[in-house]
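Engineer: Quick one, structure for this:
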Amino acid sequence: MESNLIQVVNNEVLTTSLLVAEKFEKNHKNVISKIESLITDLETGLKLSRSNLFQKSNYTDTNNRSQPMYNITRDGFTLLAMGFTGKEALEWKLKYIEAFNEM
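Structural biologist: The predicted structure follows:
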């Protein structure tokens, strides 16, 4: 199992929007857009907090600029990945499930 699929931050098992974009071969800005759409739906339609699913953060890109990203919990990942389709998506969904379950 690839160890870079997940990380532990403050004793919490997480992945990031960057890893999701990379592993699912998606554009990071599209993953960010999907996450923000989910956050809006959760907070307005369902009146649920995103704090336990998606945590906004930043990373430094290759041009030394701060860029937005999200840390994503296992449940957040599951919610996000449910919308992805195709053979590659299925393969990575299974790998993420295995990686999270190993933790």
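
Engineer: taking the mean pLDDT, what do you get for the longest helix seen in the chain?
Structural biologist: The longest helix of the chain (DSSP state H) is helix 87-102. Per-residue confidence for helix 87-102 averages out to 79 on the pLDDT scale.

Engineer: dump the residue contacts of the residue of the chain positioned farthest from its centre.
Structural biologist: Relative to the mean C-alpha coordinate of the chain, counting by C-alpha atoms, centre = their mean, the farthest residue is Asn63 (23.0 Å). Listed by C-beta atoms under 8 Å, 6 or more residues apart in numbering, the contact set of Asn63 is empty. In short, each C-beta sits where N, CA and C put it, glycine included.

Engineer: And the strands in this protein?
Structural biologist: 7-9, 12-16, 54-60, 66-73 (DSSP state E).

Engineer: low pLDDT regions in this protein?
Structural biologist: Applying pLDDT under 70 to the chain picks out residues 1-5, 45-51.

Engineer: before we move on, back to that, dump the strands of the chain to CSV, plus distance to Lys23 and mean neighbour count.
Structural biologist: Formatted as CSV, the entries for those read as follows, by distance: least, C-beta to C-beta, whole Å; neighbours: other C-beta atoms under 10 Å:
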stretch, distance to Lys23, mean neighbour count
strand 7-9, 13, 12
strand 12-16, 9, 19
strand 54-60, 16, 14
strand 66-73, 12, 18
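
Engineer: Nothing else from me, thank you.
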